[in-house]
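J.: Let's see this in three dimensions:
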Amino acid sequence: MQLNDLKPAEGAKKARKRLGRGNSSGTGTTAGRGYKGQLSRSGGGKGAGFEGGQQPLAMRLPKLPGFKNRNRVEYAPVNVARLDAYFEDGDTVDAEALVAKGIIKYDTTPVKVLGDGELAKKLTVKVDKVSASAKAKIEAAGGKVELPC
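T.: Residues are numbered from 1 along each chain as shown. The predicted model follows:
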């Protein structure tokens, strides 16, 4: 016996019903769809998710999960390690200086200094926010923090 000798059992395969092929076929005229009505038309019937005219579930639910606070302020984070790398001793750190050094993109962006890394230079920091650890490191290095700018 070879693979090309295999055949399905007698009566296992049944030809599909060919609709709308004349009255003598038994499925002519209305092709099993009945007479008038939505389901007799081409493309007829209700779409997926139709709930009988009631507002569908997909439209009752909110588009996105959660809640977006429209008053949220997004700060550009800058770590003290970057201030140590980019600024000289005695420099003033503000939005304009950060843009000039290429640390942030726009001087209108609110800036928050974070305390990751070490700082060994005396800097005057004039930004929107400073974390407690960053403030401690700036003051320990002899610098000062002026809030808000």
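J.: following the longest helix belonging to the chain, which helix or strand shows up next?
T.: Longest among the helix segments of the chain by residue count, using DSSP state H, is helix 132-140. Remark: after helix 132-140, the chain's next helix or strand is strand 144-145, criterion DSSP states H and E.
J.: centre of the chain versus that following strand, how much separation?
T.: 38 Å (C-alpha atoms, centre = their mean, to the nearest Å).
J.: That one pairs with which strands?
T.: strand 124-125 (parallel) (DSSP bridges).
J.: and the strand it pairs with, average pLDDT?
T.: Here strand 124-125 scores 94 as its mean pLDDT.
J.: Show me what the longest helix of the chain is packed against.
T.: helix 80-86, strand 111-114, strand 144-145 (3 or more C-beta pairs under 8 Å, 6 or more residues apart in numbering; DSSP states H and E). (C-beta placed from N, C-alpha, C; glycine too.)
J.: for the first one, packing partners?
T.: In other words, helix 80-86. Using 3+ C-beta pairs under 8 Å, 6+ apart: helix 80-86 touches strand 111-114, helix 132-140.
J.: mind listing the helices for this protein?
T.: Remark: helices assigned in the chain by DSSP H are 57-60, 80-86, 95-100, 132-140.
J.: separation between the residue nearest to Asp84 when sequence neighbours are not counted and Ala85?
T.: Distances taken as C-beta to C-beta, 6 or more residues apart in numbering put Leu119 closest to Asp84, at 4.9 Å, once the chain neighbours are dropped. Using C-beta to C-beta, to the nearest Å, one obtains 10 Å as the distance from Leu119 to Ala85.
J.: Touching, Leu123 and Val93? I think so.
T.: Yes - if you go by C-beta atoms under 8 Å, Leu123 and Val93 touch, sitting 5.4 Å apart.
J.: Pull up the overlap in contacts between these two.
T.: Taking C-beta atoms under 8 Å, 6 or more residues apart in numbering as the criterion, Leu123 and Val93 both touch Leu83, Phe87.
J.: How about the contacts made by Tyr106?
T.: Taking C-beta under 8 Å, 6+ apart as the test, what Tyr106 contacts is Val99.
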